[in-house]
Each structure stands twice: as C-alpha cells, then as structure tokens.
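With the input below, show me the fold.
(one chain, ligands or ions: 2)
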Amino acid sequence: MNGKYWNEKIETMPAEELKKYQLKKLKEQVKNCYENSIFYKKKFDSVGLKPENVRSLEDLQKIPFTVKNDLRDNYPFGMVAAKSDEIVEIHASSGTTGNPIISAYTQNDMDIWQELMARSIYTTGGRQQDVIHIAYGYGLFTGGLGFHYGAQKVGAKIIPASGGMTQRQIKLMKDLGATILACTPSFAVYLAETMVQEGVDPRKDLKLKSGMFGAEPWSDKIRERIEKEFGIEAFDVYGLTELCGPGVSIECSEHKGMHIWEDHFIVETIDPDTGEVLPAGEEGELVFTTLTKTGLPMLRYRTRDISKIETEKCKCGRTHTRMMRVHGRSDDMLIVRGVNVFPSQIEYAVMCFSELATQYLIVLDRPGALDTFLVKVELSEQAAKNPQLDKNALKNSIQQRIHIVTGLTADVEIVKPGEIPRTEGKAKRVLDLRKGKM
Ligand code: ADP
Ligand code: ZN
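Ligands and ions are numbered 1, 2, ... in the order given. Below you'll find the predicted structure:
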C-alpha cells in the first residue's frame, strides 16, 4: 500500500453512500443487540421498541442512551452480546473517573480495532518503513496495545516502550531511530524536557517526523510547543475503551479536526443537560453508536466528552465527519465560585506565556464559605536563568489572562522548573481539596 489512503473506497465514500451503508449496519447492530444482549433487550422493552422500528438513521433517536453507569452496574459481562467463549480479549479503562469499565472483544472486534488503528496510523503518514515508538501504557489500558496492533498491520517496526524509564526511552528513541512517537501529549512534553536536561537535542539527535498524541485533552498551544521542540508534525488521536480504545477518530494532515471512522461508528452531539440532539457545528456531548461490534456493542453511548462535529467535506478527500478537539469531559468541568471552568481553559491561558513550562496545577479549596482558586505554574528553564525576569509583572499578566479566559480571579504561584509532579500516563491537572466541604 503506497497511496494516500489506507482504504480509499471507504475513506472517500460519498456521504450519501456512507449513510446507506451505516443504515444497513445499524439495523444489523440493533437486531444483534436485541437478540443477544439481555441489557439491550430490557432497554428496548422498557420503551416498547422493537428492532424493526429502527428503519432510518433518524430512528436511532428512539433508542434510549447508554451511560457509563450501565457498564458499571452490569459489570463484568451483563451487557455482552456474544457467547462467553467468543470473547478473546478484555481491556479496561484507565479508571481516571470511578470504577474501571471493561471492554470485551470478540475476534471480529479485534480485527476491526486493528484495521482502524492501521488506518489511523496510515492517515498520519505512518508507513511500513517507519519506526514507531509506542510510549502509551501497555496492559489493560487500550493505548499501548491499540497502537501496537495497528502498527503491526501497517508493517512498521515497533518499539513497545510503554510508560516509565524516561531516560531509557530517550536512549532507545535515539539509538533505534524512532520516526513516529505515540504517547499522551503530557508525556511528550515531559520527554522533551528530559531530553534537554540529558543534553539530547530532539530536533537534531532524533529522526522523528511525527507524533500521535491523545488519550487526554490538549490544546493547540501545546501542539505548537511539541511541534517546535521536536521538529515534528503532531496529530490528535481519539478513542475510548467503551468503543474499542484509540482508533475511533484521527486527525488528517489538514489539522482541522479528527475524522470519525463512520463505517464503524455513528456520532451524535447532544445537550448534556437535556439530552436533546444538537445540529452539526454546535458544541455538546458526543454520543456514539457502534455499527460492527459484536462483543460489547454500544447503542447511543454517552461519552461525557464535549466537542462539536463538522460535516463539511475535508480537503484531504476523506468524507467521514470530523470532531473538533475535545475540551474535556463534562465530569472534568469544575465549578469555581459558581462559574464553569474547564482545565483546558487554564491550559490555554498558561500556554500563552513563553516564560512558562507546559506543566500547571489547579488547586481548589474551601477553607471558609468561598472557594480558593490557585493556579500553580512553572518557569521554563530559560526564564529561570534570566536575571531580568520580573516575576511580579509576569504573575499579574497570567492573572489577567486567566481572568479574560474564565472570568475568575485566580491566585497564581510561579514555581521553579520541575517542581510540579509529572505523570507518565494521563496528566493530573486538578487538586480539588473541596471534596467533603461542599
Ligand atoms: P478513562 O475514562 O479511565 O480515562 P479511557 O482510557 O477509555 O479511560 O479514556 C478515554 C477518554 O480519554 C475519552 O473519553 C476522553 O475523555 C479522553 N480522550 C481520549 N482521547 C482524547 C483526545 N484526543 N483528546 C481529548 N480527550 C481524549
Ligand atoms: Zn481530512
């Protein structure tokens, strides 16, 4: 395979044809859920819905939502639609929020996951001659193995580094000639920082050409920094355990959102408070329906991820709908002094200052009646060495910027480089000490 697309016919299928294909698959999926999943049979019966009532894509809206708690309440196999011995692999969510959620894959599901990851890697320019350094965690988390399976299908050389041992990873990236880096954006930033400390120049000493970063929210400002520091092209990649793991959507080289692989998923956006379906282009919670999964199919699964979708055809030629950057989950949203704030808004404010490193920490507390709102930021190595730096002026500017972005006045504390703890997986940006004081 040497062209622009991994699967040209599917990726560039005219929208109308794609819709017809989706409807055919949706009918099959609905029937399968009703006949083989006790959970879905009950759900359909509770609203008097029969599979044959789903005759158009719009009819999807007749099906009640599936939520995270359904998976928890029916743990481990209550929602499975396949026979026990058809399940060949199980993964679990990284547990950033609440109990783990498991995903049970049949061989069909594994094949599709691998195909979609291969398609995603290929879309970002990954080819057989590439060396892909996978620093997403291996194990139950879908990140490491998801990339692994996809890279295997592309035929690339795989370095299954997983998380941890940062210095060792840098040495391996250098010595083994990594051309693609796959990890969380926060780990990429950490790698870049550590390289500088180790005297490795990521632009000169490495052969990296691109990176596939996802599994957590990140901003265009972080992208700019990663691209500049490594001298690479950065791609956003999205997925969740409940749908397969990574491989749900991928950014193309136009960098105008991530193409959702619509031959396997239907996406809707809803108002997270009312459940009302929103038109394309409006920001809301993403809801996905799987079209081809047989182990743990999901009908109208509420992701809690806030984004918006773009149905205009992309310049890359792919016809599949795009989703814009995920700002965060509705459950990540903080309410500070009655105002809604996403950590990504703070990140945006922090990233506007070249004197600051990319780490930050939001500390919330409620010692009395009012919330305290502290944003800890770190000086960059360079700024820390600058004797002329006016820290007070910098602090005021950061405060102002946070105020512009959120409408709130934050306390800002500027700390030395390296003082805010780093993580090797998904970053932890919020320390909420108000819990139990509400
Ligand atoms: P957990 O829910 O425990 O974190 P997962 O590993 O399944 O488990 O994580 C999936 C979630 O990670 C998504 O629902 C989303 O909130 C977040 N995520 C994944 N990819 C991205 C991305 N590219 N941008 C923003 N958030 C992402
Ligand atoms: Zn595109």
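
residues of the longest helix seen in the chain that come out buried?
The longest helix of the chain (DSSP state H) is helix 15-36. Under the neighbour-count criterion of 16 or more other CB atoms under 10 Å, helix 15-36 has 18, 22-23, 25-27, 29-30, 32-34 buried. C-beta here means a position set from N, CA and C on the backbone, and glycine is covered the same way.

Would you mind giving the secondary structure of Ile420?
coil (DSSP: H, G, I helix; E, B strand; the rest coil).

Flag the shaky bits of this protein, pLDDT-wise.
The model of the chain has pLDDT under 70 over residues 1-2, 94-99, 436-438.

quick one, domains of it?
Domain assignment for the chain by automatic domain parsing gives 1-329, 334-432.

and the single nearest residue of the stretch 151-300 of the chain relative to ligand 2, how many neighbours does it have?
Ligand 2 sits closest to Cys252 of the stretch 151-300 of the chain, with a gap of 3.3 Å, by CB to the ion. Number of residues near Cys252 (other CB atoms under 10 Å) recorded here: 23.

ok, so what distance separates it from Arg168?
Relative to Arg168, Cys252 is positioned 33 Å away (CB to CB, to the nearest Å).

So which elements touch the lengthiest strand in the chain?
Taking DSSP state E as the criterion, the chain has its longest strand at strand 356-365. On a contact count with 3 or more CB pairs under 8 Å, 6 or more residues apart in numbering; DSSP states H and E, strand 356-365 meets helix 185-197, strand 334-336, helix 343-351, strand 372-379, strand 430-432.

Redo those as TSV? Include mean neighbour count.
Output for those, formatted as TSV (neighbours: other CB atoms under 10 Å):
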stretch	mean neighbour count
helix 185-197	21
strand 334-336	17
helix 343-351	22
strand 372-379	20
strand 430-432	13
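
Include distance to Val47 when you put those into TSV, please.
Output for the helices and strands packed on strand 356-365, formatted as TSV (distance: least, CB to CB, whole Å):
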stretch	distance to Val47
helix 185-197	41
strand 334-336	33
helix 343-351	36
strand 372-379	43
strand 430-432	37
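
Report the buried residues of the following helix or strand past the longest helix of the chain.
Scanning forward in sequence from helix 15-36 by DSSP states H and E, the next helix or strand is helix 38-46. For helix 38-46, the neighbour count (16+ other CB under 10 Å) marks 39-40, 43-44 as buried.

any idea which helix or strand comes after helix 38-46?
helix 68-73.

got the buried residues for that next one?
Residues 68, 70-71 are the ones in helix 68-73 that count as buried (16+ other CB under 10 Å).

How about stretch 331-342?
Residues of stretch 331-342 classed as buried by neighbour count (16+ other CB under 10 Å): 332, 334, 336, 341-342.

Identify, from these, the entry nearest to ligand 1.
Ranked by distance to ligand 1 (CB to the nearest ligand atom), the buried residues of stretch 331-342 are led by Asp332 at 7.7 Å.

and among the domains of the chain, the most buried is which?
Among the domains of the chain, domain 1-329 has the highest mean neighbour count (mean count of other CB atoms under 10 Å), at a mean of 19.

Flag every residue of this structure that's near ligand 1.
Selection of the chain residues close to ligand 1 by CB under 6 Å from any ligand atom yields 93-97, 141, 214-217, 236-241, 303, 305, 326, 329.
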